[in-house]
Structures are given as structure tokens and as C-alpha cells.
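Participant: please find the sequence and the predicted model below.
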Amino acid sequence: MTDRSDRAQRSWNMSRVRKGDTEAEMLLRRALHSLGFRYALHKKDLPGSPDIALTKYRTAIFVHGCFWHGHNCHRAKIPSTRTDFWTKKIAGNRARDERVERTLTVLGWRVIIVWECALRGSRRIGAQAAAIRCASFLRNTKDTKIEISTH
Ligand SMILES: [Zn+2]
């Protein structure tokens, strides 16, 4: 890759960085971009404003923080204080996620959930591996949803 296309890619990436984007999300975007995918971010006209929207594939990608979205994994332990509060809060988030996914499916969109533990932490599979799994989901149109995580 020449300097020029390196620079072009970097500025394309940078143009899409905004405050509040998580590191995990940016790792995945970069990996998808390097596989040749182009996407829209936080598309407001789609249910749930998906983190990444592959319009050409009618596929929405959400990068979910394991704690906030209630993943059943080592990174999502409910705190031992205010346990009720956290349990309800996270159950509410999960219910909303399910509504969003259903609505997207009804609209003919497919859904990829990438759990943060797939991208960060000791048990990660890494952004490159996650992006490759996204790519194989996009090619195989039988399924309407996949989740990518450590296990
Ligand atoms: Zn997780």
C-alpha cells in the first residue's frame, strides 16, 4: 500500500471518529474497512441508529458493551451493591435491543451483534477475526442474525 492510500484510509477513518464512539467499535470499523466494506455510521433513519450500517447488504451491526447490554460473559458481572437497580436497568436495555432487532428484521434488515468481549480483553477473538465472521455472514444470506463473542 502506498503512502497516499494509507493517508486516504487514515483520513477516511478519522472522518468517522466522533466523541462517544467506543474503542471496540473503532477497531471493528477499521477491520471491516480493510476488508473493503464501506458503511454508514449511526444512521438515524434506522431503528436503534445502528453503530455500523452496511446499506448495500441491508445489514446493521451493533457493537454491544457486555455490561450494559447484559451479555452472559465474564465482562458483565452485576455489581454487588444496588443489585436490583442494575438488574432492572440492564433488563430494560435488553428489552429495547430485542425490539430494535425485531423492527429491523421486519424492515428486511439483517443484524450482527458484536459483543465487546470479542474485541477487547483476555478472551477476545480480535477485530480482524470478528470482521471476517461478519463477511461470511454477509455472503451467507440464510440467517437473519448472528452474534459474535468469545464463545
Ligand atoms: Zn461479553
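Facilitator: On my side now, so go ahead.
Participant: which bits of the chain sit near the ion?
Facilitator: Counting by CB under 5 Å from the ion, the chain comes close to the ion at 66, 71, 73, 75, 115, 117. From N, CA and C alone the C-beta is placed, and that goes for glycine too.
Participant: how does it look with 8 Å?
Facilitator: 64, 66, 71-76, 115-118, 149-150 (CB under 8 Å from the ion).
Participant: what is the nearest of those residues to residue 109?
Facilitator: residue 64 (16.6 Å; CB to CB).
Participant: beta partners of that closest one?
Facilitator: In this entry, residue 64 is beta-bridged to residue 115, by DSSP bridges.
Participant: list only buried entries from the residues of the chain next to the ion.
Facilitator: When neighbours are counted using 16 or more other CB atoms under 10 Å, those contain these buried positions: 64, 66, 71, 73, 75-76, 115-118, 149-150.
Participant: the residue nearest to residue 110 when sequence neighbours are not counted: neighbouring residues, count only.
Facilitator: Once flanking residues are discounted, residue 110 sits nearest to residue 59: 4.5 Å by CB to CB, 6 or more residues apart in numbering. Residue 59: 24 surrounding residues under other CB atoms under 10 Å.
Participant: didn't residue 59 look like it was pressed against residue 111?
Facilitator: Yes: with contacts defined as CB atoms under 8 Å, residue 59 counts as touching residue 111 at a distance of 7.3 Å.
Participant: who does whichever helix in the chain runs longest touch, helix- and strand-wise?
Facilitator: When the chain is parsed with DSSP state H, its longest helix is helix 83-106. Secondary-structure packing of helix 83-106 (3 or more CB pairs under 8 Å, 6 or more residues apart in numbering; DSSP states H and E): strand 59-64, strand 110-115.
Participant: that one versus strand 110-115: what angle between them?
Facilitator: Per axes from the mean of the first three to the mean of the last three CA atoms, to 10 degrees, the angle that helix 83-106 makes with strand 110-115 is 150 degrees.
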